[in-house]
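S.K.: coordinates only, sequence not included:
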Ligand SMILES: Cc1cc2nc3c(=O)[nH]c(=O)nc-3n(C[C@H](O)[C@H](O)[C@H](O)COP(=O)(O)O)c2cc1C
């Protein structure tokens, strides 16, 4: 009887143990996986949402920023204008009776240039300009290669000028001596010098070369003579054809 009871008790304990052993992994696995999965999936979803949403949110402004960065780049192109501003042009002119000054103004308009007018400290009168008078001031000056009439206009700074058109009337086949005063008073290093003149009929002759030799600086181009009535389009064609 006792043996039978012991056997039954042992069998019952074994059954109970087996039942426990079978359930425990299943429960842990079930509960654990659900819990873990929930936790992971929540974490994952949260982190994924965060990861997805962050780039997508930041992507839009970045695209806008990219667009904004392109705009200055495009606006930077006008910096070429700044370059153009650095390439300043000056028109220097001496004109006793206004004819050469008129041509100078047309050139300045075409070239968007500044104008500097050389004025004699002692202005030329009609009597001074009388070429039929061998004792007139202009005749005497032109007959004296060392004559250097004083300039009355304020000095100009040539800084920033890349090109200078230099204009004058022809007097006795040459540049007036006051032009020699001017070119000997400045340093034209690095500047392209372009002589032009007006006259009744004479050409520019050696005037441009004379100025170049006296200046001793600057890159001098061949000059050209114009009638006072020269048109803007003729001046434009000349300017377009300049080798500079
Ligand atoms: C003193 C003097 C000498 C001149 N000599 C000449 C000359 O040799 N050949 C010529 O064609 N014109 C000559 N002219 C005319 C001027 O060159 C011409 O009228 C010029 O266009 C005047 O320019 P302006 O008004 O800018 O001074 C002379 C004029 C003067 C006042």
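M.R.: Now that the structure is in, tell me what you want to look at. Predicted model, so just to flag it, every value in this text is computed and none were measured.
S.K.: What are the phi and psi values at residue 224?
M.R.: Dihedral angles of residue 224 (phi, psi; degrees, to the nearest 10) stand at phi -150, psi 140.
S.K.: Also residue 138?
M.R.: When read as degrees, to the nearest 10, the backbone of residue 138 gives phi -60, psi -40.
S.K.: That one: neighbouring residues, count only.
M.R.: Using other Cβ atoms under 10 Å, residue 138 has 21 other residues around it. (C-beta placed from N, C-alpha, C; glycine too.)
S.K.: now the strands: where do they sit in the chain?
M.R.: In the chain, the strands defined using DSSP state E lie at 88-93, 114-117, 161-169, 192-198, 219-220, 224-226.
S.K.: what's the burial count for the residue lying closest to residue 196 once chain neighbours are set aside?
M.R.: Nearest residue to residue 196, sequence neighbours excluded (Cβ to Cβ, 6 or more residues apart in numbering): residue 167, at 4.8 Å. Per other Cβ under 10 Å, the neighbour tally for residue 167 reads 27.
S.K.: next one: residue 121
M.R.: Neighbours of residue 121 (other Cβ under 10 Å): 11.
S.K.: next one: the one 3 residues further on
M.R.: Burial measure for residue 124: 19 neighbouring residues, criterion other Cβ under 10 Å.
S.K.: Could you verify my assumption that it touches residue 96?
M.R.: Yes. With contacts counted by Cβ atoms under 8 Å, residue 124 reaches residue 96, the gap being 4.9 Å.
S.K.: Is it possible to get the strands of the chain out as a markdown table so that each row also shows mean pLDDT and distance to residue 102?
M.R.: Formatted as a markdown table, those follow (pLDDT from 0 to 100; distance: least, Cβ to Cβ, whole Å):
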| stretch | mean pLDDT | distance to residue 102 |
| --- | --- | --- |
| strand 88-93 | 98 | 9 |
| strand 114-117 | 98 | 12 |
| strand 161-169 | 98 | 10 |
| strand 192-198 | 98 | 8 |
| strand 219-220 | 98 | 24 |
| strand 224-226 | 98 | 10 |
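S.K.: got those strands as a markdown table, with distance to residue 179 columns?
M.R.: Shown next, in a markdown table, are the strands of the chain (distance: least, Cβ to Cβ, whole Å):
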| stretch | distance to residue 179 |
| --- | --- |
| strand 88-93 | 9 |
| strand 114-117 | 13 |
| strand 161-169 | 5 |
| strand 192-198 | 9 |
| strand 219-220 | 13 |
| strand 224-226 | 14 |
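S.K.: If anything else comes up later, I'll come back, but that's it for now.
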